[in-house]
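Enquirer: Here is a sequence together with a model predicted from it:
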Amino acid sequence: MNGAFYIGATGLDAQQRALDTIANNIANINTPAFKRSAARFADLMATPRDRDDLPVTLSDRTGTLQGVTVQATPHVWTQGELRQTGNAMDLAIDGEGFVELMGPSGQMLLWRGGTLKVNGDGYLATADGTPLRAMIAVPAGATDLSISRDGVLSATVDGETGAREIGRIDLVTVRDSDQLIDRGAGTYEIAEDDQAQSAEPGSEGAGVFRQGVLEQANVSLSDEMVTLLLLQRAYAANAQVVQAGDQLMALVNGLRR
């Protein structure tokens, strides 16, 4: 069988997966704190075989190139633009830290910030109702909610003249951000071989909180469109490889003795 079919097919599949990654980046350009992904390509190697189709194991023989694949699509963790919104319930992290959330099954999720709200149980939560792991209870009727740069939460409660502290939001950092598992809605789960470490807001790398601010997605539409065009050309080139293989097979099938 003509190897061009297989080589071209691996290229088509790899370029399609990369195109899907770019499409996801563009679709989330307006998602707060979204982190773009980048496709990493890797060569596919095949073990050389002899005339009897047995693998050659000699140390001086290397594998032969048999195509390309997308090895991984890790997130790019660069800081997005911090944009003032004027909404006191918007929260951004100016740094590399994360806020811990309590997932639906009790698992720990990490969050880069966004819009907060008080959920039906009276706890401070994300816009979709996922509570913060700190389980900060907001008193009924509390107003003038404020969050300091170091995560101290204060509010004015009915019947009181001044604001009082009602909780504190902590930051955590992870050893290897590339190992985080994307769970959607701007949340991530830690891989089994990694763990989150508590970090004091303002410490090196952790960052500080910014109230009334949203971190924008770190997606550049112009960069994504340029990459999209390059991938489309690569996709077309792999399609031509398959077409060339088909033409060669047609010639062979058309030969007469």
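Expert: Looks like it arrived, so ask away. Numbers count the residues shown, from 1 in each chain.

Enquirer: Domain-wise, how is this structure divided?
Expert: Per automatic domain parsing, the domain ranges recorded for the chain read 3-77+219-254, 82-215.

Enquirer: Switch those over to CSV; also include mean pLDDT and mean neighbour count.
Expert: Every C-beta, even on glycine, is put in place using the N, C-alpha and C of the backbone. Putting the domains of the chain into CSV (pLDDT from 0 to 100; neighbours: other Cβ atoms under 10 Å) gives the following:
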stretch, mean pLDDT, mean neighbour count
domain 3-77+219-254, 82, 14
domain 82-215, 91, 16
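
Enquirer: what about stretch 186-204, how long is it end to end?
Expert: 23 Å (Cα to Cα, to the nearest Å).

Enquirer: contacts for that stretch?
Expert: Applying Cβ atoms under 8 Å, 6 or more residues apart in numbering, the contact partners of stretch 186-204 are 31-34, 97-98, 100-101, 103, 107-112, 114, 126, 130, 149-151, 170-176, 179-183, 205-209.

Enquirer: same thing with stretch 66-78?
Expert: 3, 6-11, 13-14, 17-18, 21, 35-46, 96, 177-178, 180, 182, 218.

Enquirer: Next step: those residues restricted to helices.
Expert: Judged by DSSP state H, the subset of these located in helices is 3, 6-11, 13-14, 17-18, 21.

Enquirer: Am I right that D193 is in a helix?
Expert: No: D193 is assigned coil when assessed by DSSP: H, G, I helix; E, B strand; the rest coil, not a helix.

Enquirer: what about L82, distance to G184?
Expert: Distance, L82 to G184, using Cβ to Cβ, to the nearest Å: 23 Å.

Enquirer: hang on, I meant L214
Expert: Taking Cβ to Cβ, one finds L214 at 18 Å from G184.

Enquirer: in this structure, which spans are helices?
Expert: With DSSP H as the criterion, the chain has helices spanning 3-27, 221-254.

Enquirer: Switch the ones you listed over to TSV; also include distance to V138.
Expert: Putting the helices of the chain into TSV (distance: least, Cβ to Cβ, whole Å) gives the following:
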stretch	distance to V138
helix 3-27	33
helix 221-254	37
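
Enquirer: what's the distance between stretch 187-203 and the middle of its chain?
Expert: Relative to the chain's own centre, stretch 187-203 is displaced by 15 Å; criterion: Cα atoms, centre = their mean, to the nearest Å.

Enquirer: circling back: figure out which of the helices of the chain is closest to I136.
Expert: helix 3-27 (32.0 Å; Cβ to Cβ).

Enquirer: From the contact counts, what lies against the closest one?
Expert: strand 40-46, strand 64-72, helix 221-254 (3 or more Cβ pairs under 8 Å, 6 or more residues apart in numbering; DSSP states H and E).
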